[in-house]
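> Fold the following, please.
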Amino acid sequence: MIHKITIDLAIENLEDRGVTIEDIMDLVYDLQKPYVPDLKKETCRNHVMKVLAKREVQNALLTGIELDRLAEKKQLSSPLQEIIASDEGLYGIDEIIALSIVNVYGSIGLTNFGYVDKLKPGIIGKLNEHEDIGNACHTFLDDIVGAIAAAASSRLAHSEEGAGVRD
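Numbering: from 1, shown residues only. Below you'll find the predicted structure:
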């Protein structure tokens, strides 16, 4: 049986976890504004939606969110339960899933992902620190949101002359 994954399901899962399209759109805007002076937020939204429309992105998003949910419910086996629940620094699988999103859009996406993963701006920082989100586990979600923003930024950069990445 083929299961239907849709952009609506992806957005619903993000919103259930406290992330809006506007949150991701704001990240894209901040990443690309220095390179596209007349950039409009609606343009950023369009690129975010195009990224979320990709099946690989939807699969990565749903997988990561489900692992976060299982960790919250303490339904993973040890030591994986403790590793994911504490967002252990050397785990790295959360970044690998996020990189599957970024890799769809090339090296600019990778550079932007590294930038947002290091600085943790906007909603990424809130997810990482659990600010205003409750005590939920976001080991995978913070990286996935960063990857979606990085991929949308890359997509935008490829469509705009003079757009790019940070040095």
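
> now the spatially most central residue of the chain: how far from H3?
Centroid-nearest residue in the chain: V145, 1.7 Å away (criterion: Cα atoms, centre = their mean). According to Cβ to Cβ, to the nearest Å, V145 and H3 sit 23 Å apart. Placement of C-beta: from N, CA and C, glycine included.

> give me the number of residues near S78?
8 (other Cβ atoms under 10 Å).

> what do you get for the one 4 residues further on?
Counted with other Cβ under 10 Å, residues neighbouring E82 total 12.

> in which helix or strand would I find it?
helix 80-85 (DSSP states H and E).

> same for that helix, what does it pack against?
Contact partners of helix 80-85 among helices and strands, from 3 or more Cβ pairs under 8 Å, 6 or more residues apart in numbering; DSSP states H and E: helix 55-72.

> Return the set of buried residues in the helix it packs on.
57-58, 60-62, 64-65, 67-72 (16 or more other Cβ atoms under 10 Å).

> Other residues contacting the helix holding E82?
L67, D68, A71, E72, K74, Q75, L76, E88, Y91, C137, T139, F140 (Cβ atoms under 8 Å, 6 or more residues apart in numbering).
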